[in-house]
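Trainee: I need the structure of the sequence given here:
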Amino acid sequence: MGTVAARQLLPRASIDEAQGLWLDLDRWPAFVDGFAAIVRREGDWPRPGARIVWDSLRNGRGRVIEQVTEFEPGAMHLVRVEDPQLHGTQRARFSRYDGGCELSLELDYALKRPGIGGRLTDILFVRRAVGDALRRTLRRFAVELEADRELQAEPQRPRPRSRNEKES
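Mentor: As a prediction, the model looks like this:
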C-alpha cells in the first residue's frame, strides 16, 4: 500500500470557508484534478455513509466512487475511494495556522492489479502521478477560494437601469 500527501496554506481563510468550498460538490469541476461530472449522489453528503460516483475527464482515472466514512465539521473529512486502478482512503484535514488555514490531503491506497513489478511501478510512476494530482487539486483549490474571497469583498454596485425602467 502506498501513501501520498500534499498540503496547501490558505492565507486569511477560515476553516469554515475552506471546508465549505471543499465539500461543495457543485464546485469540484473548478479544482478537483481530472474531474468531469458527478454521475450519482446517494445519502447526505458530506455525512458518513454518503456516496458519490463521478467520471473523470477523457484519458483520466475513469469512474471514481467515494464514500464518506468519517466527518468532523471544522476538522476532517475521510472517504473510501475507488477507481479502476486503485482503492484506498483519502483524508482532507483542515487546521488553523497563524494567519489562515491549512488544507492537507493524504491518500492511502493499494493498486488493484499490481502484477509483476507492481511495487516498482507504484513507486516510480503511480505514486508520483497521484501526488502530482493532489498538489494540482490543492493549488486550484487555493485559487478558487481566493477568488471567492475577492468576490465577497467587492462592494455591491447598483445595477444600471434599463431605458424602460422608471425612476421612483
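Trainee: averaged pLDDT, the biggest helix by length in the chain. What do you get?
Mentor: Counting residues, the longest helix in the chain under DSSP state H turns out to be helix 127-153. The average pLDDT within helix 127-153 is 93.
Trainee: quick one: that helix to chain centroid distance?
Mentor: Averaging C-alpha positions (C-alpha atoms, centre = their mean, to the nearest Å) puts helix 127-153 8 Å from its chain's average.
Trainee: for it, packing partners?
Mentor: When contacts are defined as 3 or more C-beta pairs under 8 Å, 6 or more residues apart in numbering; DSSP states H and E, helix 127-153 packs onto strand 2-11, helix 15-22, helix 28-31, strand 100-111. The way it works is simple: take the backbone N, C-alpha and C, and place the C-beta from them, glycine included.
Trainee: one more time with 6 Å, if that's ok
Mentor: strand 2-11, helix 28-31 (3 or more C-beta pairs under 6 Å, 6 or more residues apart in numbering; DSSP states H and E).
Trainee: can you redo these as TSV with distance to residue 136?
Mentor: Shown next, in TSV, are the helices and strands packed on helix 127-153 (distance: least, C-beta to C-beta, whole Å):
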stretch	distance to residue 136
strand 2-11	9
helix 28-31	9
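Trainee: which one of these lies nearest to residue 90?
Mentor: strand 2-11 (9.6 Å; C-beta to C-beta).
Trainee: what does that closest one rub up against?
Mentor: Identification of contacts with strand 2-11 by C-beta atoms under 6 Å, 6 or more residues apart in numbering yields 18, 99-109, 122, 127, 130-131, 134-135, 138, 142, 145.
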